[in-house]
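S.K.: test case, fold it:
(chains A, B and C)
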Amino acid sequence: MPRKLSPKFSVKKAHAMQQRLSKKLILEDTLPETVEFVAGVDIAYLEGTSVGAVAVLELASLSQVESQVAHVQTRFPYIPTLLSFREIPPAYSSIRRLSIEPDVLLVDGQGYAHPHGLGFASHLGLLLDKPTIGVAKSLLCGRIEQVGECGWAPLNYKGEVIGAEVVTKSGTKPVYVSVGHKVSLERAIKIVMECRGKYRIPEPVRRAHMLANEEKRRLNRSFSQ
DNA sequence: GCGACAG
DNA sequence: ATCTTGTCGC
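M.R.: Model (predicted):
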């Protein structure tokens, strides 16, 4: 069962840590001209277990070239603004199993678009020292003040652009893209656009979501039989 | 004090 | 996120 926080844990100190780590983020593009492999990361839950999944796709064809899953005990509850503390363990466990090293990872959640500048995607990027991009299905903070023109619109928060609202499929709710680490917002948006498939969720993240759920069902039946 | 609040 | 079948709408 998802245990409670240790009595020693302090939300205030966690937020202070996030603000400190956020300053280490590299918000400029460090990616090569041509990106070859893009990974998608997502987590699923069952009972007291967290299932991490990662799918690596060739950007040019959006075809999957590798996938890994890992399950660990859930040790942290879901607390808005502290999602990375809950999801990094399973995510990291699955990613370390990869044989192919992706150029960039698309993570299900916010990156810099976070009250303290360190969403799950950014925290994971710092830990891996790899380029990451946050792709969230809804907002944690900030607001869209302008009308989207070329399929996207800036996301503002306290007088700063922290991300963008991106229409990945016409007629559906947009997704929220923000820099995770080692990439610019412009490049992040470009990469997310290139990862568009037939559905709203960018293909790498959608594949990771499917993998996590497959593994979850697998664990469920082997537990009930 | 009140409402909001990624997954 | 998760519990879950059918169903409303383009």
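
S.K.: what about the strands in chain A?
M.R.: Secondary structure of chain A (DSSP state E): strands at A:37-46, A:49-58, A:63-73, A:104-108, A:132-136, A:143-144, A:152-157, A:160-166, A:175-181.

S.K.: Serialize the ones you listed to a markdown table and add fields for mean pLDDT.
M.R.: Below are the strands of chain A laid out as a markdown table (pLDDT from 0 to 100):
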| stretch | mean pLDDT |
| --- | --- |
| strand A:37-46 | 98 |
| strand A:49-58 | 98 |
| strand A:63-73 | 98 |
| strand A:104-108 | 98 |
| strand A:132-136 | 98 |
| strand A:143-144 | 96 |
| strand A:152-157 | 96 |
| strand A:160-166 | 98 |
| strand A:175-181 | 98 |
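
S.K.: nearest to DNA strand C, out of these?
M.R.: strand A:37-46 (3.6 Å; C-beta to the nearest atom of the strand). C-beta: built from backbone N, CA, C; applies to glycine.

S.K.: circling back: may I see the strands of chain A organised as CSV, with distance to residue A:79 and mean neighbour count added?
M.R.: Formatted as CSV, the strands of chain A follow (distance: least, C-beta to C-beta, whole Å; neighbours: other C-beta atoms under 10 Å):
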stretch, distance to residue A:79, mean neighbour count
strand A:37-46, 15, 24
strand A:49-58, 15, 25
strand A:63-73, 18, 17
strand A:104-108, 17, 29
strand A:132-136, 16, 29
strand A:143-144, 22, 13
strand A:152-157, 20, 19
strand A:160-166, 20, 21
strand A:175-181, 19, 28
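
S.K.: could I get the ones you listed as a markdown table with distance to residue A:220?
M.R.: What follows is the strands of chain A, written out as a markdown table (distance: least, C-beta to C-beta, whole Å):
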| stretch | distance to residue A:220 |
| --- | --- |
| strand A:37-46 | 6 |
| strand A:49-58 | 10 |
| strand A:63-73 | 11 |
| strand A:104-108 | 21 |
| strand A:132-136 | 27 |
| strand A:143-144 | 39 |
| strand A:152-157 | 37 |
| strand A:160-166 | 34 |
| strand A:175-181 | 28 |
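
S.K.: got a markdown table for those strands, with distance to DNA strand B too?
M.R.: Converted to a markdown table, the strands of chain A look like this (distance: least, C-beta to the nearest atom of the strand, whole Å):
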| stretch | distance to DNA strand B |
| --- | --- |
| strand A:37-46 | 6 |
| strand A:49-58 | 10 |
| strand A:63-73 | 15 |
| strand A:104-108 | 5 |
| strand A:132-136 | 4 |
| strand A:143-144 | 10 |
| strand A:152-157 | 12 |
| strand A:160-166 | 11 |
| strand A:175-181 | 8 |
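
S.K.: nearest to residue A:9 among these would be which one?
M.R.: Ranking the strands of chain A by proximity to residue A:9 (C-beta to C-beta) places strand A:63-73 first, at 16.8 Å.
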